Structures are given as structure tokens and as C-alpha cells.
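> Could you look at this predicted model? Sequence included:
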Amino acid sequence: MSVIIAQEPPRQDAIIRLLDLSDAYAQSLYPAESNHLVDLSSLEKPSVSFFVARNDGAIVGCCALVEAGDGTAEIKRMFVDPKARGLRIGSGLMNALEAIAREKGLAAIRLETGIYQPEAIALYRKYGYRNIEPFGSYLPDPLSLFMEKQLG
């Protein structure tokens, strides 16, 4: 097993498949108004760092760091193929996101995740993310958890 995480363009068939899997998963857990999914074209903007995880060359995970323009950024589209879970892909993606955020001199990373995703919440907590109030354009939602990590 050789996992490599690198910045790559999001417009690739295997990424689109992952995003579709992610959408279906989110839609199975939450009503439409509680899903805050960004589309492919949003992931291609210059303010986005998009990361791809490959295991022996095959795409098995992805995530995006979207700069807000105020010294913070938001994690979007963090997803690992169910077939690749347990390979620490999520941790590798988190390390890559945080490294680029520090490189860019960002003060904090924020995220919104759903309350029915205990694995994701556990990963974020392991990395030191703490609960915060809704940020940006998010409205309070009992199905959403908002988190932030200050970067030192």
C-alpha cells in the first residue's frame, strides 16, 4: 500500500465519482436544506486548494481548503471512498490541508459537518477542532456542527 496525497485538479472522472458518492451519502443522512455541498466548478476557483489521495495510483479520497478572504479557510468535500476506510486517508488529508493553511499564513480553519457522521467528528476532534457558532453564510441548524481550529 502506498498512499500519496497531492494537489490535483478536481475535474477527473474518479473525483466526480467520489463527489457523487459523497452527495448520495449526505442525502441519505440529511434533508436537502442541511446539505451544504459545493459543486465541481466551485472547487476549481483560485481560492481553493484541492487535495487528492491515491492508494497505489487509484483515487480513494479528496478534500478542499476554501479560503474565505479574511485569513480563514473552510474544509469542504472531505470524503474517503468507503472501500479505503481504515487506511488513515482522512488523517493524511487533514495533514495536507493544515500544512497548506500554515504555508498560506491562515489564522484558522473552519468546517461544517453533520451530526450523524461520528467518524468525521472524531477525526476533526483528534486534530484539535472545537465547536463554534455558525460562521460565514451558515444559519443555525440542529443537524450541523460547526468547528474551528486556530493555527498558531
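Perfect, thanks for sending it. Being a predicted model, the structure only gives us computed values, none of them experimental.

> the helices in this structure, which residues?
13-29, 89-103, 118-126 (DSSP state H).

> do you know which of those helices lies nearest residue 42?
helix 13-29 (11.0 Å; C-beta to C-beta). From N, CA and C alone the C-beta is placed, and that goes for glycine too.

> Which strands or helices does the closest one pack on?
strand 58-67, strand 72-80 (3 or more C-beta pairs under 8 Å, 6 or more residues apart in numbering; DSSP states H and E).

> Please identify the buried residues of the first one?
Yep, that's strand 58-67 we're talking about. Buried residues in strand 58-67, defined by neighbour count with 16 or more other C-beta atoms under 10 Å: 59-67.

> Which two of these have the greatest separation?
Among the buried residues of strand 58-67, 60 and 67 lie farthest apart (C-beta to C-beta), at 25.3 Å.

> Just confirm residue 89 contacts residue 60, I think it does.
Yes - counting by C-beta atoms under 8 Å, residue 89 touches residue 60, with 5.8 Å between them.

> At the geometric centre of this structure, which residue do we find?
residue 78 (2.8 Å; C-alpha atoms, centre = their mean).

> Any idea how many residues pack against residue 15?
21 (other C-beta atoms under 10 Å).

> swap in residue 46?
By other C-beta under 10 Å, 6 other residues sit near residue 46.

> so how far is residue 150 from residue 15?
Separation of residue 15 from residue 150 (C-beta to C-beta, to the nearest Å) stands at 30 Å.

> Oh, that last question was meant for residue 108, not what I typed.
5 Å.

> And these two? Which one has more around it.
residue 108 (18 against 12).

> Thought residue 72 was touching the more buried one, still the case?
Yes - using C-beta under 8 Å, residue 108 is in contact with residue 72, at 4.6 Å.

> Please enumerate the shared neighbours of the two.
In terms of C-beta atoms under 8 Å, 6 or more residues apart in numbering, residue 108 and residue 72 are both contacted by the residues residue 148.

> Most tightly packed of the helices of the chain?
Compared across those, helix 89-103 shows the largest average neighbour count, a mean of 18 (mean count of other C-beta atoms under 10 Å).

> tell me the angle it makes with helix 118-126.
Orientation check (axes from the mean of the first three to the mean of the last three C-alpha atoms, to 10 degrees): helix 89-103 against helix 118-126 gives 40 degrees.
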